[in-house]
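**Student:** pasted the sequence and its predicted model underneath.
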Amino acid sequence: MQVKLIPTPEQASALEATLRTVNQAANDVSRTGFERCGLRGEVKRLRSECYAELKDRGLGAQAAQHVIKRVADAYATLRGNIHHGNLGKTGSNRRVKAESKPIEFRLNAAHTFDNRCLSWNYDQRTVSIWTVHGRLKNVAFAASPSDLRTLIEHRRGESDLVFRDSKWFLLAVCEIPEQPEFEPRDGVGVDRGINNLATTSDATNYSGRRLNRYRRWQARKKAEIQAKRTRSAARLLKKRAKREARHAAHINHSIAKDVVAVAQRTERGIALEDLKGIRERVTVRRDQRATQSSWPFHQLGAFIAYKARRVGVPVIEVDAAYTSQRCPLRGCGHTERANRPTRDFFSCRRCGLAGPADVVAGVNVRDRARSAWVFVNMPQPT
């Protein structure tokens, strides 16, 4: 959970100095470990090499341990990426660059605090946090009543101190138990798209018209700013990209919340199209490539899945092939590209069934899920 801190100017200065100090220390540990251990930056080896030096620099015991663990985790991630080929083959420029120098941390990168370094006062809505200038007490934070209740009941373990867009946040780990899944009476099929972000088999449509206008406006502003080719323009582009990503996430959260609420109220499961590899399988016009590649379809599905797990709604993914070209009428099932003469309209060439194409796709997704749920619930052979 993201909790916004409201520090005073003096407290903000101490927090800034803390992040700068611990990240400088992490860079020093990274360089030392790279020189003496290469990419094998394991916790025990780094602790024996660097712990005493970190203590001499004024870091507390817990802060020093967290710095060492951050560096070790970063090198473990790098080794994993190399092993799985995520940085290219042996000898590729990207892999050689990663292997030839120590990992570097940004001076304002997030840092981890455990319960010894950070304590919460929920009644006063304040935290007490360790800094290089001593313990800061009564640092105010903002939280809605529901968020505060979640923190009180479910917060566990560590929290990350984050400085982003001139604001301070604590990312607190909350362990919320999942509800057991109920046996669905039926399913709600969800078809995801660009012009209609989501359409359910109940004919509920979440239109993307306003979002598409917003994104076209953002694209025009992006082109204007890119034409300036200055450092300030680059910073502004990064800021606007984050704003657009937050806007998309907000819309996906709203859609996912509504879909899960309907499924929970009607005791139905949720069926989604399996869109893995959709960008490689589907060919679109040149003017639609950027739109298709940039909209977070996977994020919407992930939001629906995790919100459903919290309330026990079963979710299943089904094959997405021809869901908008197949007639959903029982006894027909005719599949043909001509069944969809336009983007928004479906008309079966065999039986004459007609309607909105996205609703038809949602119904087909639901029908495929029905068969899958029957299969899943069948007793398995021993």
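**Tutor:** Yep, it's here.

**Student:** when you work out contacts or count neighbours from here on, use the C-alpha atoms and nothing else.
**Tutor:** Fine.

**Student:** domain-wise, how is the chain divided?
**Tutor:** By the assignment in automatic domain parsing, the chain contains the domains 1-176, 187-377.

**Student:** in TSV: those domains, plus mean neighbour count and mean pLDDT.
**Tutor:** Formatted as TSV, the domains of the chain follow (neighbours: other Cα atoms under 10 Å; pLDDT from 0 to 100):
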stretch	mean neighbour count	mean pLDDT
domain 1-176	17	91
domain 187-377	17	84
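
**Student:** helices and strands around the longest helix belonging to the chain, which ones?
**Tutor:** When the chain is parsed with DSSP state H, its longest helix is helix 231-266. When contacts are defined as 3 or more Cα pairs under 8 Å, 6 or more residues apart in numbering; DSSP states H and E, helix 231-266 sits against helix 209-226, strand 269-274, helix 297-311.

**Student:** measure the most centrally placed residue in the chain to residue 62 for me?
**Tutor:** Nearest to the mean C-alpha position of the chain, by Cα atoms, centre = their mean, lies residue 299 at 6.5 Å. Going from residue 299 to residue 62 by Cα to Cα, to the nearest Å gives 35 Å.

**Student:** ok, now residue 133?
**Tutor:** Going from residue 133 to residue 62 by Cα to Cα gives 15 Å.

**Student:** just residue 202 next, same as before
**Tutor:** On the measure of Cα to Cα, residue 202 and residue 62 end up 54 Å apart.

**Student:** same thing with residue 179?
**Tutor:** Relative to residue 62, and taking Cα to Cα, residue 179 is found at 35 Å.

**Student:** how about the strands in the chain?
**Tutor:** Assigned strands in the chain, in chain order: 2-6, 111-113, 118-121, 126-131, 134-142, 155-164, 167-174, 187-192, 196-200, 205-207, 269-274, 315-319, 345-347, 354-356 (criterion: DSSP state E).

**Student:** what lines up beside the second one in the sheet?
**Tutor:** In other words, strand 111-113. strand 155-164 (antiparallel) (DSSP bridges).

**Student:** can you check the third one too?
**Tutor:** The sheet places strand 118-121 alongside strand 126-131 (antiparallel), with pairing taken from DSSP bridges.

**Student:** let's see the strand it pairs with as PDB, backbone CA atoms only.
**Tutor:** The C-alpha trace of strand 126-131 is given here as PDB (Å, rounded to 0.1, in the frame of the first residue of the first chain):
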ATOM      1  CA  THR A 126       2.400   9.600  12.200                       C
ATOM      2  CA  VAL A 127       5.500   7.500  11.800                       C
ATOM      3  CA  SER A 128       8.900   7.400  13.600                       C
ATOM      4  CA  ILE A 129      11.700   6.700  11.200                       C
ATOM      5  CA  TRP A 130      15.500   6.400  11.400                       C
ATOM      6  CA  THR A 131      17.600   9.000   9.400                       C
END
